[in-house]
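Peer 1: How does the following fold in three dimensions:
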Amino acid sequence: MRIATAFPAPLAATAALVITALAASAPAPAYACSDPDDCKGLSREELARDRAEIRRLNREQLRYVERRDAEYARGWEAYDRHAQDMDDYERSRADYERRMREWREAVRRCRGGDWRYCGG
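Peer 2: Take a look at the predicted model:
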């Protein structure tokens, strides 16, 4: 009797090889001796490797944070530009509204017979 598998045989074999390769290539876990009691049984070489790994992880995290913060800064610059653009728009709109009021007043006076306000 044949037992049904979730994957066809070639796919299952390939998946097993990939999983094995990934497991073999995974780095050894860092011990992270943040507590001196964690490091009592480690040799000098192991302690040196641990310190080197912690330094590497710290540098990697620093690069990540710097990239993230630079992206945030670009976002804030865009936010500031938008706020400035909105302020410019509000000023332009207020100027437009003022000029339209003046024009409407001139039209009203012209129609009322005050020829000084008629174009030309």
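
Peer 1: Tell me how many other residues crowd Arg51.
Peer 2: Arg51 has 13 neighbours, counted by other C-beta atoms under 10 Å. (C-beta placed from N, C-alpha, C; glycine too.)

Peer 1: Just the element for it, please.
Peer 2: Using DSSP states H and E, Arg51 sits within helix 44-111.

Peer 1: quick one: average confidence on that helix?
Peer 2: Averaged over helix 44-111, pLDDT sits at 94.

Peer 1: what's that helix packed up against?
Peer 2: Applying 3 or more C-beta pairs under 8 Å, 6 or more residues apart in numbering; DSSP states H and E, we find helix 44-111 packed against no helix or strand.

Peer 1: Renumber starting at 17 from here on
Peer 2: Let's use 17 as the start, then, which means that last one is helix 60-127.

Peer 1: So what does Gly57 look like in phi/psi?
Peer 2: Main-chain dihedrals, Gly57, degrees, to the nearest 10: phi -90, psi 10.

Peer 1: tally of neighbours for it?
Peer 2: Gly57: 8 surrounding residues under other C-beta under 10 Å.

Peer 1: Pull up the gap between it and Glu93, please.
Peer 2: Per C-beta to C-beta, to the nearest Å, Gly57 is found 51 Å from Glu93.

Peer 1: now Glu121: how far from Arg132?
Peer 2: Per C-beta to C-beta, Glu121 is found 12 Å from Arg132.

Peer 1: So between these two, which is more surrounded?
Peer 2: Here Glu121 and Arg132 are compared on neighbour count by other C-beta under 10 Å; more neighbours surround Glu121, at 11 against 7.

Peer 1: count of residues packed around Ala122?
Peer 2: Counted with other C-beta under 10 Å, residues neighbouring Ala122 total 15.

Peer 1: residue contacts, it?
Peer 2: Tyr133 (C-beta atoms under 8 Å, 6 or more residues apart in numbering).

Peer 1: how near is it to Arg60?
Peer 2: Going from Ala122 to Arg60 by C-beta to C-beta gives 92 Å.

Peer 1: Same check on Ala110?
Peer 2: The spacing between Ala110 and Arg60, counted by C-beta to C-beta, is 74 Å.
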